[in-house]
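Novice: I'll drop the sequence and a predicted model, then ask my questions.
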Amino acid sequence: MALRSEDVSIDIDLDDDALIGATLAGQREAFGTIVERYERAVYHLCLRTMRNPEEARDAAQESFFKAFRSLHTFKPGAKFSTWIFTIAYHACCDRLARSKRFSIGEIPDRADAGPGPESLSIARDESRVLLEAIDALPLKYRSVISLYHLQGKQYEEIARVLDVPIGTVKTHIFRAKELLRRRLSKLRDESTEERP
């Protein structure tokens, strides 16, 4: 008796290549496991690029749809994360080009757990200020900073995702950090002046 794809359960501990193979063999639930594995990271990349939570959700969903349709083109042995981030980044760029608008979306509160409410409040304010400063960067700098610092990607992977030379990635990261440093320094100076 042959097994049908719906008769086989998917082991969520399988590596990406095995899940991709299972998906291509007709086990669509394997792709659901891939989506669960990467949806948060893809959404955050889209959010940093789009600056709008709804647009970011749509772009992330579109990215996974495109990835599913093009899964047969994925090269075995390549990193799936690089591939899906590339698709997501291009989906965001396409959406931005179509809409010809940049909107500042809500910035999610992020904070490290602190020993008390005061520490939590300070951390939340610092995170908000940092995210606002990142959101104010031009797209090319915002993208590399998001991939490097918020997603933890290496230069080589960022270069593949953005389809630019590694030297360009390094230059953009350097310039983005410099812009962030200036912006945060200016904000610190302004807040110091406001204190009695």
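Specialist: Alright, I've got the coordinates. Numbering: from 1, shown residues only.
Novice: Select the longest helix from the protein.
Specialist: Counting by DSSP state H, the longest helix found in the chain is helix 166-194.
Novice: Can you mark which positions in that one are buried?
Specialist: By neighbour count with 16 or more other C-beta atoms under 10 Å, helix 166-194 contains the buried residues 168, 169, 172, 173, 175, 176, 179, 180, 183. Yep, even glycine has a C-beta here, placed from its N, CA and C like the rest.
Novice: Centre of the chain to that helix, how far?
Specialist: Put simply, helix 166-194 sits 20 Å off its chain's centre (C-alpha atoms, centre = their mean, to the nearest Å).
Novice: try stretch 143-160
Specialist: The mean C-alpha position of stretch 143-160 is separated from the chain mean by 9 Å, C-alpha atoms, centre = their mean.
Novice: Over to stretch 37-53?
Specialist: The answer for stretch 37-53 is 4 Å, by C-alpha atoms, centre = their mean.
Novice: what's in contact with that stretch?
Specialist: Residues outside stretch 37-53 that contact it (C-beta atoms under 8 Å, 6 or more residues apart in numbering) are 16, 55-57, 59-60, 63-64, 80-81, 84-85, 88-89, 91-93, 95-96, 102-106, 108, 134-135, 139, 142-143, 145-147, 150-151.
Novice: what about residue 98, neighbour count?
Specialist: Number of residues near residue 98 (other C-beta atoms under 10 Å) recorded here: 8.
Novice: So, low pLDDT: which residues of this structure?
Specialist: Along the chain, segments meeting pLDDT under 70 span 1-12, 100-127, 191-196.
Novice: Let me see the ranges of the helices in it.
Specialist: 16-24, 28-50, 53-69, 80-99, 117-135, 139-145, 155-162, 166-194.
Novice: Need the residue closest to the centroid of the chain.
Specialist: residue 45 (1.9 Å; C-alpha atoms, centre = their mean).
Novice: Which residue, neighbours along the chain excluded, lies closest to that residue?
Specialist: In space, and not counting its chain neighbours, residue 45 is closest to residue 88: 5.4 Å by C-beta to C-beta, 6 or more residues apart in numbering.
Novice: quick one: the one you found from residue 150, how far?
Specialist: From residue 88 across to residue 150, the span is 13 Å (C-beta to C-beta, to the nearest Å).
Novice: Which of those two has more residues huddled nearby?
Specialist: More neighbours surround residue 88 than the other of residue 88 and residue 150, with 27 against 16 (other C-beta under 10 Å).
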